[in-house]
Every structure is written in C-alpha cells, then in structure tokens.
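In: dropping a prediction and its sequence here:
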Amino acid sequence: MADQTHVLFVEDDDVIREATQLALERDGFAVTAMPDGLSGLEAFRADRPDIALLDVMVPGLDGVSLCRRIRDESTVPVIMLSARADSIDVVLGLEAGADDYVTKPFDGAVLVARIRAVLRRFGHASGGEKPHEDAAPVSGGLLVFGDLEIDTEGMEVRRAGQPVALTPTEMRLLLEFSSAPGTVLSRDKLLERVWDYGWGGDTRVVDVHVQRLRTKIGQDRIETVRGFGYKLKA
C-alpha cells in the first residue's frame, strides 16, 4: 500500500462511485471514495492523497467549492468530473484550480490515462524540469523577464522580488513559454507539452490556465495571438 498512488474520489452516485473505485483499484491505485463534498474535504485533510477526482455536482459542498478549499491548502493535482462537456461547470472547475477534467460518462481506461498523465506532469514539475536549451538568458538556472524571475532549479518564481505561488501545472506552462520567449505556441502544442495529451483535448483547459497564470505574473506578460495561440513577451 505504501508505494501505491492514493486517489481521493468524491462522487455521490453510488453505482458510478463503486464501479470507478473498483476499476482504479484493479489498475493498482489505492482509493478513498466519498459520497459528498464535506466528507471529501475531511478525507483530504486526514489522508493527503496524491490526486483528487471531484465530481462537480455533489451534495454538502459542491465539487468546485471543494476544489477551491483543496487549492487553498495544497497543490495536489485535481481532476474534475463533469456530466456535460459544454457546461459552465467545466470552466468554473478550472478557474477554481483544477488541473484537468473528464466528461461523464467516461471510459475507465481514459480516466486512468488522464490520471497518469497528470501525475507524470506533477512528477516532472516537482523534479525540477528545465526549459529547452534555447531559453531566455540563464544565469545559474535563473530566467529574467523584466520584473519576473524564474528559478528553473529551485522551481520558484518571483515578481518584483515577491514570491509567486504557482501550481505544478502553471509552472510547467510558464516553463514552456519561457523556453521560447517571443515564439507563438499554439493551444494544441501546449496541450501536448504541458498536459501530455497524445490525443485531442479541450483547449479551454489551456485558455483558463493561461488566464490564471496572467493574474499571477502580470496580465500583459503573456500575449494572445489571435488565431494562433499565445507567446511570452521577450
């Protein structure tokens, strides 16, 4: 059990909760399954899981609010589960700090693939992944863009000398931009590099994370190039 990835799964539908828990356990995950947001929050604080799967519509404390509570306390990866691909709930979940989402009904293999992709990203981020060799000028692992400083070895960001708290996904996104300042990166390319999607993904994930990153490092630091993508101002 000690070396198993621990998943917190919050879902109020008994059939979906039990079937998904069994499927995840068959794939080697240790799962704590809870039927509502309040018990999910208690389980999160007690167990400190490696990743959280949160259904948007759960009683007591809805999934979006639970995600905000978790994000206030931790950078643990969060995947939201939503019944509608075009629902505003998807965007609300991402804005609350979720790293990705999966639409219900979902295939168990797809969910496992998403979980593993998120965990790989977080492993890379916490392990000190460095930007590409053609990055902005580096001195001792430090990238400087005006008042923005990125320590690629310590995985820390400062703006005007003040520390900026980024989630691992936000850090990976910033590292992608900083590895090629002034170069336009398409949403699909960012999905591939940051979210590890070998298949098509919803580009709203990129848009919301870019907006969250802008609020932390400066709204004008990342420029939108209409019809193409985004770039970090050199």
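Out: Done, it's in. Numbers count the residues shown, from 1 in each chain.

In: let me see the ranges of the helices in the chain.
Out: 14-26, 37-47, 63-73, 88-95, 108-126, 168-179, 187-194, 204-217 (DSSP state H).

In: which residues touch the first one?
Out: So that's helix 14-26. Outside helix 14-26, the residues within contact range by CB atoms under 8 Å, 6 or more residues apart in numbering are V7, F9, E11, V31, A33, P35, L53, K104, G108, L111, V112, I115. All C-beta spots, glycine's among them, are computed from the backbone N, C-alpha and C.

In: ditto for the last one
Out: Taking CB under 8 Å, 6+ apart as the criterion, the residues outside helix 204-217 that touch it are 90-91, 94-95, 97, 100-101, 148, 157, 159, 164-166, 169-170, 173-174, 187, 190-191, 194-195, 221-222, 230.

In: domain ranges for the protein?
Out: Listed by automatic domain parsing, the domain ranges of the chain are 6-126, 138-232.

In: and stretch 38-55, how far from the chain's centre?
Out: 16 Å (CA atoms, centre = their mean, to the nearest Å).

In: same question, stretch 91-100
Out: 8 Å.

In: and it, what's buried?
Out: Buried residues in stretch 91-100, counted by 16 or more other CB atoms under 10 Å: V91, L92, G93, L94, A96, G97, A98, D99, D100.

In: now stretch 109-128
Out: Here stretch 109-128 shows L111, V112, A113, R114, I115, A117, V118, L119, R121, F122, H124, A125 as buried, counting by 16+ other CB under 10 Å.

In: surely the fifth one meets H6?
Out: No - look at I115 against H6 with CB atoms under 8 Å: they stay out of range, at 11.5 Å.

In: for this protein, name the helix or strand with the lowest mean pLDDT.
Out: strand 138-139 (a mean of 44; mean pLDDT, DSSP states H and E).

In: list the contacts for the most centrally placed residue in the chain?
Out: Geometric centre of the chain, nearest residue: D99, 2.2 Å, by CA atoms, centre = their mean. Applying CB under 8 Å, 6+ apart, we find D99 in contact with P77, V78, I79, V118, R121, T167, P168, T169.

In: wait, isn't L142 in contact with D151?
Out: Yes - with contact defined as CB under 8 Å, L142 reaches D151; the gap is 5.7 Å.

In: where's D202 relative to A98, distance?
Out: D202 sits 12 Å away from A98, taking CB to CB, to the nearest Å as the criterion.

In: which neighbours do the two share?
Out: Counting by CB under 8 Å, 6+ apart, nothing touches both D202 and A98.

In: now the buried residues of stretch 109-128 as TSV including pLDDT and distance to M57?
Out: Formatted as TSV, the buried residues of stretch 109-128 follow (pLDDT from 0 to 100; distance: CB to CB, whole Å):
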residue	pLDDT	distance to M57
L111	91	17
V112	92	22
A113	88	24
R114	88	19
I115	92	20
A117	86	24
V118	88	21
L119	89	25
R121	78	26
F122	77	26
H124	38	32
A125	37	30
